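Chemist: 3D, please:
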Amino acid sequence: MENESGNEVLMHIDAGLAIITINRPAARNAINHAVAVGLASVIDEMESRPDVVIGIITGAGGTFCAGMDLKAFLAGEDMIIPGRGLAGICERPPRKPVIAAVEGWALAGGCEVALACDLMVAASDARFGLPETKRGLIAAAGGLLRLPRRIPPAVAMEYALTGEAFSAEVAHRYGLVNRLTEPGRALEGAKALAAQIRANGPLAVAATKEIVSGALDDSLEAGFVRQQPLLEAILGSADAREGAAAFAEKRAPEWTGR
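Modeler: Presented below is the predicted three-dimensional model:
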(Lines give C-alpha, C1' and ligand atoms only; values in the text may rest on other atoms or scores of the structure.)
Protein backbone atom coordinates (compact mmCIF):
# COMPACT_ATOMS: atom_id res chain seq x y z
CA MET A 1 0.00 0.00 0.00
CA GLU A 2 1.29 3.45 -0.89
CA ASN A 3 0.34 6.69 0.82
CA GLU A 4 1.51 9.97 -0.71
CA SER A 5 1.40 13.29 1.17
CA GLY A 6 2.21 15.68 -1.65
CA ASN A 7 5.08 13.25 -2.45
CA GLU A 8 7.37 14.83 0.20
CA VAL A 9 6.64 11.89 2.52
CA LEU A 10 5.83 8.38 1.32
CA MET A 11 4.58 5.41 3.30
CA HIS A 12 4.51 1.79 2.22
CA ILE A 13 2.82 -0.77 4.48
CA ASP A 14 3.50 -4.47 4.14
CA ALA A 15 2.99 -7.34 6.59
CA GLY A 16 2.78 -5.20 9.71
CA LEU A 17 5.65 -2.86 8.79
CA ALA A 18 5.28 0.79 7.76
CA ILE A 19 8.22 2.17 5.79
CA ILE A 20 8.13 5.97 5.88
CA THR A 21 10.40 7.84 3.47
CA ILE A 22 11.25 11.53 3.56
CA ASN A 23 11.25 12.20 -0.16
CA ARG A 24 13.11 15.46 -0.95
CA PRO A 25 16.42 14.06 -2.21
CA ALA A 26 17.28 17.22 -4.17
CA ALA A 27 17.20 19.11 -0.86
CA ARG A 28 18.92 16.30 1.07
CA ASN A 29 15.50 15.57 2.61
CA ALA A 30 15.54 18.84 4.55
CA ILE A 31 12.43 19.50 6.62
CA ASN A 32 9.99 22.05 5.24
CA HIS A 33 6.33 22.54 6.10
CA ALA A 34 5.20 19.84 3.68
CA VAL A 35 7.56 17.29 5.23
CA ALA A 36 6.36 18.15 8.75
CA VAL A 37 2.70 17.84 7.78
CA GLY A 38 3.37 14.71 5.75
CA LEU A 39 5.24 12.95 8.54
CA ALA A 40 2.52 13.81 11.05
CA SER A 41 -0.13 12.50 8.66
CA VAL A 42 1.50 9.14 7.90
CA ILE A 43 2.40 8.61 11.57
CA ASP A 44 -1.28 9.12 12.45
CA GLU A 45 -2.21 6.49 9.87
CA MET A 46 0.44 4.10 11.16
CA GLU A 47 -0.82 4.54 14.72
CA SER A 48 -4.46 4.00 13.74
CA ARG A 49 -3.93 0.77 11.82
CA PRO A 50 -4.15 -2.38 13.94
CA ASP A 51 -2.26 -4.33 11.27
CA VAL A 52 0.89 -2.19 11.71
CA VAL A 53 3.25 -3.19 14.53
CA ILE A 54 6.34 -1.09 13.81
CA GLY A 55 7.62 1.64 11.51
CA ILE A 56 10.87 2.59 9.82
CA ILE A 57 11.78 6.17 8.93
CA THR A 58 14.37 6.68 6.21
CA GLY A 59 15.35 9.22 3.58
CA ALA A 60 15.39 9.04 -0.21
CA GLY A 61 18.52 9.37 -2.31
CA GLY A 62 21.19 8.30 0.17
CA THR A 63 20.64 10.93 2.87
CA PHE A 64 18.52 10.52 5.99
CA CYS A 65 17.76 14.20 6.63
CA ALA A 66 19.89 17.36 6.56
CA GLY A 67 17.71 19.15 9.11
CA MET A 68 15.50 22.19 8.78
CA ASP A 69 15.26 23.69 5.30
CA LEU A 70 16.76 27.13 5.94
CA LYS A 71 15.35 28.55 2.71
CA ALA A 72 11.88 27.46 3.78
CA PHE A 73 12.51 28.92 7.24
CA LEU A 74 13.52 32.27 5.76
CA ALA A 75 10.39 32.17 3.60
CA GLY A 76 8.29 31.89 6.76
CA GLU A 77 7.33 28.21 6.56
CA ASP A 78 6.48 26.52 9.87
CA MET A 79 8.10 23.11 10.45
CA ILE A 80 6.62 22.70 13.93
CA ILE A 81 3.39 20.75 14.40
CA PRO A 82 1.60 21.96 17.56
CA GLY A 83 1.89 19.39 20.34
CA ARG A 84 4.16 17.22 18.21
CA GLY A 85 7.22 19.37 17.59
CA LEU A 86 9.62 19.56 14.67
CA ALA A 87 8.63 17.35 11.74
CA GLY A 88 5.57 16.14 13.63
CA ILE A 89 7.60 13.63 15.67
CA CYS A 90 10.33 15.23 17.79
CA GLU A 91 8.20 16.34 20.73
CA ARG A 92 5.68 13.49 20.73
CA PRO A 93 7.00 10.29 19.15
CA PRO A 94 4.58 7.55 18.06
CA ARG A 95 3.17 5.00 20.50
CA LYS A 96 4.36 2.20 18.23
CA PRO A 97 8.12 1.60 17.96
CA VAL A 98 10.02 3.23 15.11
CA ILE A 99 13.46 2.45 13.68
CA ALA A 100 15.58 5.11 11.96
CA ALA A 101 17.36 3.69 8.89
CA VAL A 102 20.20 6.16 8.37
CA GLU A 103 22.26 6.63 5.22
CA GLY A 104 24.44 9.68 4.66
CA TRP A 105 23.76 12.62 6.96
CA ALA A 106 21.42 12.85 9.94
CA LEU A 107 22.17 16.47 10.71
CA ALA A 108 20.63 19.08 13.05
CA GLY A 109 16.85 18.55 12.92
CA GLY A 110 17.49 15.36 10.96
CA CYS A 111 19.57 14.04 13.83
CA GLU A 112 16.75 15.03 16.17
CA VAL A 113 14.25 13.07 14.07
CA ALA A 114 16.54 10.03 14.31
CA LEU A 115 16.86 10.53 18.07
CA ALA A 116 13.07 10.59 18.35
CA CYS A 117 13.05 7.05 16.97
CA ASP A 118 13.44 4.11 19.34
CA LEU A 119 16.17 2.25 17.48
CA MET A 120 18.72 3.10 14.81
CA VAL A 121 20.28 1.11 12.00
CA ALA A 122 22.96 3.04 10.13
CA ALA A 123 25.31 2.54 7.23
CA SER A 124 28.92 2.51 8.35
CA ASP A 125 29.64 5.74 6.46
CA ALA A 126 26.63 7.64 7.88
CA ARG A 127 27.25 10.73 9.99
CA PHE A 128 25.34 12.45 12.78
CA GLY A 129 25.57 15.94 14.20
CA LEU A 130 23.94 18.81 16.07
CA PRO A 131 25.74 21.80 14.51
CA GLU A 132 23.32 24.44 15.80
CA THR A 133 25.91 26.19 18.00
CA LYS A 134 27.97 26.87 14.86
CA ARG A 135 25.03 28.98 13.64
CA GLY A 136 24.33 30.69 16.96
CA LEU A 137 21.32 28.42 17.57
CA ILE A 138 20.43 25.55 19.90
CA ALA A 139 19.14 22.08 19.06
CA ALA A 140 15.72 22.70 20.61
CA ALA A 141 13.80 19.82 18.98
CA GLY A 142 14.92 17.24 21.53
CA GLY A 143 18.54 16.78 20.52
CA LEU A 144 19.97 18.29 23.69
CA LEU A 145 17.50 16.31 25.79
CA ARG A 146 17.79 12.92 24.13
CA LEU A 147 21.47 12.69 23.13
CA PRO A 148 22.79 12.59 26.76
CA ARG A 149 20.29 9.80 27.47
CA ARG A 150 21.57 7.74 24.56
CA ILE A 151 25.35 8.22 24.84
CA PRO A 152 27.59 9.17 27.80
CA PRO A 153 26.57 12.67 28.97
CA ALA A 154 30.10 14.13 28.76
CA VAL A 155 30.42 12.89 25.17
CA ALA A 156 27.00 14.33 24.33
CA MET A 157 28.04 17.64 25.89
CA GLU A 158 31.16 17.78 23.72
CA TYR A 159 29.29 17.16 20.47
CA ALA A 160 26.52 19.59 21.45
CA LEU A 161 28.92 22.40 22.41
CA THR A 162 31.36 21.99 19.51
CA GLY A 163 28.71 21.25 16.90
CA GLU A 164 31.07 18.70 15.37
CA ALA A 165 29.72 15.68 13.50
CA PHE A 166 30.42 12.10 14.53
CA SER A 167 30.46 8.89 12.54
CA ALA A 168 28.02 5.99 12.64
CA GLU A 169 30.86 3.82 13.93
CA VAL A 170 31.33 6.17 16.91
CA ALA A 171 27.56 6.22 17.43
CA HIS A 172 27.51 2.42 17.40
CA ARG A 173 30.40 2.24 19.87
CA TYR A 174 28.44 4.39 22.33
CA GLY A 175 25.21 2.47 21.80
CA LEU A 176 23.29 5.15 19.90
CA VAL A 177 23.20 2.99 16.76
CA ASN A 178 21.92 -0.54 17.33
CA ARG A 179 23.25 -2.09 14.13
CA LEU A 180 25.76 -1.06 11.47
CA THR A 181 25.42 -2.11 7.85
CA GLU A 182 27.40 -1.74 4.67
CA PRO A 183 26.76 1.54 2.83
CA GLY A 184 23.44 1.46 1.01
CA ARG A 185 22.00 -1.31 3.18
CA ALA A 186 20.64 0.55 6.22
CA LEU A 187 17.02 0.04 5.18
CA GLU A 188 17.66 -3.65 4.60
CA GLY A 189 19.18 -3.90 8.08
CA ALA A 190 16.28 -2.00 9.60
CA LYS A 191 13.82 -4.37 7.94
CA ALA A 192 15.64 -7.36 9.43
CA LEU A 193 15.47 -5.80 12.92
CA ALA A 194 11.81 -4.90 12.40
CA ALA A 195 11.03 -8.49 11.40
CA GLN A 196 12.28 -9.74 14.76
CA ILE A 197 10.05 -7.25 16.57
CA ARG A 198 7.09 -7.77 14.25
CA ALA A 199 7.01 -11.48 15.15
CA ASN A 200 6.00 -10.57 18.71
CA GLY A 201 2.62 -9.65 20.16
CA PRO A 202 1.69 -6.13 18.95
CA LEU A 203 0.04 -5.10 22.21
CA ALA A 204 3.03 -6.31 24.20
CA VAL A 205 5.43 -4.51 21.85
CA ALA A 206 3.64 -1.17 22.25
CA ALA A 207 3.34 -1.53 26.04
CA THR A 208 6.99 -2.55 26.33
CA LYS A 209 8.06 0.54 24.38
CA GLU A 210 6.00 2.75 26.71
CA ILE A 211 7.54 1.22 29.85
CA VAL A 212 11.14 1.34 28.59
CA SER A 213 10.73 4.89 27.25
CA GLY A 214 9.78 6.20 30.68
CA ALA A 215 12.15 4.05 32.70
CA LEU A 216 14.87 6.69 33.05
CA ASP A 217 12.35 9.26 34.27
CA ASP A 218 11.00 7.09 37.10
CA SER A 219 12.34 5.72 40.32
CA LEU A 220 12.07 1.93 40.43
CA GLU A 221 9.08 2.21 42.76
CA ALA A 222 7.32 4.71 40.47
CA GLY A 223 8.09 2.56 37.47
CA PHE A 224 6.27 -0.42 38.97
CA VAL A 225 3.25 1.80 39.67
CA ARG A 226 3.28 3.23 36.14
CA GLN A 227 3.52 -0.14 34.44
CA GLN A 228 0.74 -1.80 36.48
CA PRO A 229 -2.24 -0.73 34.32
CA LEU A 230 -0.32 -1.69 31.19
CA LEU A 231 0.45 -5.10 32.70
CA GLU A 232 -3.19 -5.67 33.64
CA ALA A 233 -4.33 -4.81 30.11
CA ILE A 234 -1.80 -7.19 28.58
CA LEU A 235 -2.60 -10.07 30.95
CA GLY A 236 -6.28 -9.70 30.09
CA SER A 237 -5.72 -9.70 26.34
CA ALA A 238 -6.52 -12.40 23.82
CA ASP A 239 -2.95 -12.12 22.55
CA ALA A 240 -1.54 -13.12 25.95
CA ARG A 241 -3.73 -16.21 25.96
CA GLU A 242 -2.72 -16.96 22.36
CA GLY A 243 0.97 -16.62 23.22
CA ALA A 244 0.66 -19.11 26.06
CA ALA A 245 -1.40 -21.52 23.97
CA ALA A 246 1.02 -21.34 21.04
CA PHE A 247 3.96 -22.10 23.35
CA ALA A 248 2.15 -25.08 24.87
CA GLU A 249 1.14 -26.38 21.46
CA LYS A 250 4.59 -25.81 19.93
CA ARG A 251 3.33 -23.59 17.10
CA ALA A 252 3.75 -20.02 15.95
CA PRO A 253 1.29 -17.61 17.57
CA GLU A 254 -1.42 -15.94 15.53
CA TRP A 255 -1.73 -12.41 16.92
CA THR A 256 -4.95 -10.43 16.64
CA GLY A 257 -3.91 -7.27 18.49
CA ARG A 258 -6.73 -7.76 20.98
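
Chemist: all strands for this structure, in order.
Modeler: Secondary structure of the chain (DSSP state E): strands located at 2-5, 9-14, 17-22, 54-59, 80-81, 85-86, 98-102, 105-107, 119-123, 127-129, 166-167, 179-181.

Chemist: can you tell which of those strands is closest to residue 239?
Modeler: strand 54-59 (15.4 Å; C-beta to C-beta). Bear in mind the C-beta positions are built from the backbone N, C-alpha and C, glycine included.

Chemist: Sheet partners, orientation included, of that closest one?
Modeler: Strand 54-59 sits in its sheet next to strand 17-22 (parallel), strand 98-102 (parallel), going by DSSP bridges.

Chemist: which other residues reach it?
Modeler: 16-22, 25, 29, 39, 43, 46, 64-65, 89, 94, 96-104, 110, 113-114, 117, 186-187, 190-191, 194, 197-198, 205 (C-beta atoms under 8 Å, 6 or more residues apart in numbering).

Chemist: Check stretch 68-88 too.
Modeler: With C-beta under 8 Å, 6+ apart, stretch 68-88 has contacts from 27, 30-33, 35-37, 39-41, 43, 90-92, 108-109, 112-113, 141-142.

Chemist: Could you work out the end-to-end span of that stretch for me?
Modeler: 13 Å (C-alpha to C-alpha, to the nearest Å).

Chemist: which stretches of the stretch 51-200 of the chain form helices?
Modeler: For the stretch 51-200 of the chain, the helices defined by DSSP state H, counting those that start in this stretch occupy 70-74, 109-116, 143-150, 153-162, 168-173, 186-198.

Chemist: So for residue 12, which of these sits nearest?
Modeler: helix 186-198 (11.1 Å).

Chemist: Run the angle between the closest one and strand 54-59 for me.
Modeler: Put simply, helix 186-198 runs at 170 degrees to strand 54-59, going by axes from the mean of the first three to the mean of the last three C-alpha atoms, to 10 degrees.
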